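K.L.:
Below: sequence and its predicted model.
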Amino acid sequence: MSDDPVTARQIRQGMPIFVALASVLLVLAVMAALYLGREILMPVTLAILLSFVLVPAVRALRRLLVPRALAVLAVVAVTFGLLFGVGSLIASEGAQLAADLPRYSLTMRDKIAALRGATADVGTLSRIVDLVQDLGNALQPPPQAELKGEPGSATHPLTVEIKAAKAGVLETFQTFAGPVLHPLATTGLILLFTIFILLQREDLRNRAIRIAGSGDLRRTTAAIDDAASRLSRFFLAQLALNIAFGVVIGAGLWFIGVPSPTLFGVLAAILRFVPYIGAVISAVLPLILAAAVDPGWSMVIATAILFVVVEPIAGHVVEPLLYGHSTGLSPIAVILAATIWTFLWGPVGLILATPLTVCLVVLGRHVERLWYLDVLLGDQPALAPPEIFYQRMLAGDPAEAIDQGRQFLKERALVTYYDEVVLAGLLLAQEDLSRGTLDRERQAEVGAAIRQVVDRLGLARVRRGVARGAARGASRETAAAVAAAGPDRQVAGVVLGPEDLAPRWRGRTPVLCVSSRGPFDEAATLMLSQTLGRHGLDAQVMAMSEIREGRRPERVEEIAMICFSYLEPVSLSQIRFTVRQARAAVPGVRVLVGFWRERDPAGLERLRRATSADDLVTSLNEALAAVVAASRAPDGAAERPTRGPDGIGRPGVPADGTFRPPVPA
């Protein structure tokens, strides 16, 4: 029995290894199943993706009171008719191009010879040209004279003719019908599964809801419907954009004079389903053919310009307008997905890689059990903005946080960034400190990094509105922080002048900000001081330890408000005692207490009464609102910002409820 605790501890220590091995085995098993079952899974997958595209058309016919079965059959018949037409077009154009290729061999030889002469002194380029020529010689069939051993040939080999045994009827049928029957069987499976999915769409949705979790039907149904509608809109928009891209490329190649422009336009539309590299792949063949057709280089240059101009316009201008920012996938995920799916399913997997990965990301965002798919494959930051900030501080890299902060300030106010990112990151650091995971040396390093960020951002002067949208273009982390922060509050635009202040608040430093004993309270107090200074209320900063050692603040007689900052939990009796000492030291002073971790609006008023503070706030925006409201009140009739249900103070709202509009910045 004495070994049981040891065994249990060893099992707990080895559990992460077992979980990792199980995950690897699961991934390998799934990949093996996808590879071995590709003959069935590939048609099913194509049918599912095709159903997302066809659902809007079926719904449109249903709204016209067309029976479901007839609507599905009509839409599927038209769709597959178009697909067969496109396939026939590709086959005929490809056959015509293959028949015309021998005519262009002479032009290619002349260009290779010219390149050989131009690169005779350049070793690398010369070897490349030799390689291209050797490859062409290898692909070119030998002269008939050499094959027959005629006297005019270089050698006189004996003609040896080997004839295979005469094949039977069954073998002949397999030889000629096999390449035709396999695509027809795959197409038939796709057709069958598409009709079935469109007819049984609601039943399949209910089964998916059951698998995802029926505990909360409203939430699960909304998630599944939203995912399906998003995928339908995305695939339709992508299909329309790629068809337009193919039309423009085909028309441009026709205007330039490249042979078979229709073939290359269709291939460009299909290959553009593969992001990043699809357009590049579709440009290779037209460039080679243009080099083979034109004795000069003008056709090659014009073809290259066509792809270089059209693809950025489609990818960076039209695409965001149609369905937002690209596909919602990270670039690494796109490349990795294309590699894996191509390995598993060949060229069809390359085409399906992005749509399949988009489906996985959408499921990860809406199905709680599959959250890790969004983290692994999505383009959204894996960590929240406060977590990213704190992680940079732990890594000792404040420069990146400073850069992101400056980009954030192009969209939002400094007080908003401090509240939503820095102060929330400080709370994460305080939680680690409370758990004992930060030693003294680490505390000092993190605290110094945070103070460096606050010092540098306090000096930043960014004209918001000049570079509107710059934060979204800077990085995904900055864009996520801007989106999470929401709009600035009204008080963020208030800048007070001397004429806006009550007489007692017109001193050099009317506010005293006092930091608590915690190692991170100094940064929170510094942020509060900077925020007030930016809005016309200069403040001096002191630590609680300095006051207890007997140091007195400068110009005590000018102090109108004392702000105490508490990041770590302390007893209410201690805060109440500190507030009483402050009032005794500076008669008539107003006291504000900042509880930066308290978020319960119902308990704020109770805490204010328990601490006997004039104002109790939980964010820098609330603190700014409270100080601005108090600074405008005449002596003897101090204003106190009212609070809504969310506990947020509003500037310029005195106790009688009248509103005094703030002075705009």
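P.N.:
That came through, no problem. The structure presented is a predicted model; accordingly, all values stated were derived computationally and were not measured.
K.L.:
Which positions within stretch 21-36 qualify as buried?
P.N.:
For stretch 21-36, a neighbour-count test (16 or more other Cβ atoms under 10 Å) marks Leu34 as buried. Any C-beta I mention is one placed from the backbone N, CA and C, and that applies to glycine too.
K.L.:
That should have said stretch 478-489, apologies.
P.N.:
Thr478, Ala479, Ala480, Ala481, Val482, Ala485, Asp488, Arg489.
K.L.:
Touching, the first one and Arg406? I think so.
P.N.:
No: assessed by Cβ atoms under 8 Å, Thr478 is found out of contact with Arg406, at 9.3 Å.
K.L.:
Need the buried residues of stretch 478-489 in JSON lines (columns: secondary structure).
P.N.:
Formatted as JSON lines, the buried residues of stretch 478-489 follow (DSSP: H, G, I helix; E, B strand; the rest coil):
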{"residue": "Thr478", "secondary structure": "helix"}
{"residue": "Ala479", "secondary structure": "helix"}
{"residue": "Ala480", "secondary structure": "helix"}
{"residue": "Ala481", "secondary structure": "helix"}
{"residue": "Val482", "secondary structure": "helix"}
{"residue": "Ala485", "secondary structure": "helix"}
{"residue": "Asp488", "secondary structure": "coil"}
{"residue": "Arg489", "secondary structure": "coil"}
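K.L.:
With pLDDT and distance to Trp371 as new columns, can those residues be given to me in CSV?
P.N.:
Below are the buried residues of stretch 478-489 laid out as CSV (pLDDT from 0 to 100; distance: Cβ to Cβ, whole Å):
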residue, pLDDT, distance to Trp371
Thr478, 76, 23
Ala479, 75, 21
Ala480, 73, 16
Ala481, 75, 21
Val482, 78, 23
Ala485, 73, 23
Asp488, 78, 31
Arg489, 80, 31
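K.L.:
how about low-confidence regions in the stretch 1-150 of the chain?
P.N.:
Applying pLDDT under 70 to the stretch 1-150 of the chain flags the ranges 1-6, 104-150.
K.L.:
mind listing the helices for it?
P.N.:
Secondary structure of the stretch 1-150 of the chain (DSSP state H, counting those that start in this stretch): helices located at 4-36, 38-63, 68-100, 105-118, 123-139, 144-148.
K.L.:
Next, find the distance separating the residue positioned nearest the centre of the chain from Pro312.
P.N.:
The residue lying closest to the centre of the chain (Cα atoms, centre = their mean) is Asp379, at 2.3 Å. Distance, Asp379 to Pro312, using Cβ to Cβ, to the nearest Å: 19 Å.
K.L.:
packing partners for the host helix or strand of Leu512?
P.N.:
Taking DSSP states H and E as the criterion, Leu512 maps to strand 511-515. Here strand 511-515 touches helix 521-534, strand 539-543, helix 544-548, strand 561-566, going by 3 or more Cβ pairs under 8 Å, 6 or more residues apart in numbering; DSSP states H and E.
K.L.:
can you list those in TSV and add distance to Gly37, mean pLDDT and mean neighbour count?
P.N.:
Below are the helices and strands packed on strand 511-515 laid out as TSV (distance: least, Cβ to Cβ, whole Å; pLDDT from 0 to 100; neighbours: other Cβ atoms under 10 Å):
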stretch	distance to Gly37	mean pLDDT	mean neighbour count
helix 521-534	57	87	24
strand 539-543	67	86	18
helix 544-548	68	78	14
strand 561-566	61	88	26
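K.L.:
quick one: which of these is nearest Pro503?
P.N.:
Nearest to Pro503, of all the helices and strands packed on strand 511-515, is strand 561-566, at 14.1 Å by Cβ to Cβ.
K.L.:
Name every strand pairing with the closest one and say which way it goes.
P.N.:
strand 511-515 (parallel), strand 590-595 (parallel) (DSSP bridges).
K.L.:
Nearest to Leu604 among the ones you listed would be which one?
P.N.:
Leu604 sits nearest to strand 590-595 of all the strands paired with strand 561-566, at 8.2 Å, using Cβ to Cβ.
K.L.:
how far does the closest one sit from the chain's center?
P.N.:
Here strand 590-595 is found 40 Å from its chain centre; the criterion is Cα atoms, centre = their mean, to the nearest Å.
K.L.:
Next, the angle from that strand to helix 521-534.
P.N.:
Interaxial angle, strand 590-595 versus helix 521-534 (axes from the mean of the first three to the mean of the last three Cα atoms, to 10 degrees): 130 degrees.
K.L.:
quick one on the thing from earlier: ok, now which ones touch the closest residue to the residue nearest to the centre of the chain other than its chain neighbours?
P.N.:
Excluding the flanking residues, the one nearest Asp379 by Cβ to Cβ, 6 or more residues apart in numbering is Ser330, at 4.7 Å. The contact partners of Ser330, by Cβ atoms under 8 Å, 6 or more residues apart in numbering, come to Leu377, Gly378, Asp379.
K.L.:
Appreciated, that's everything.
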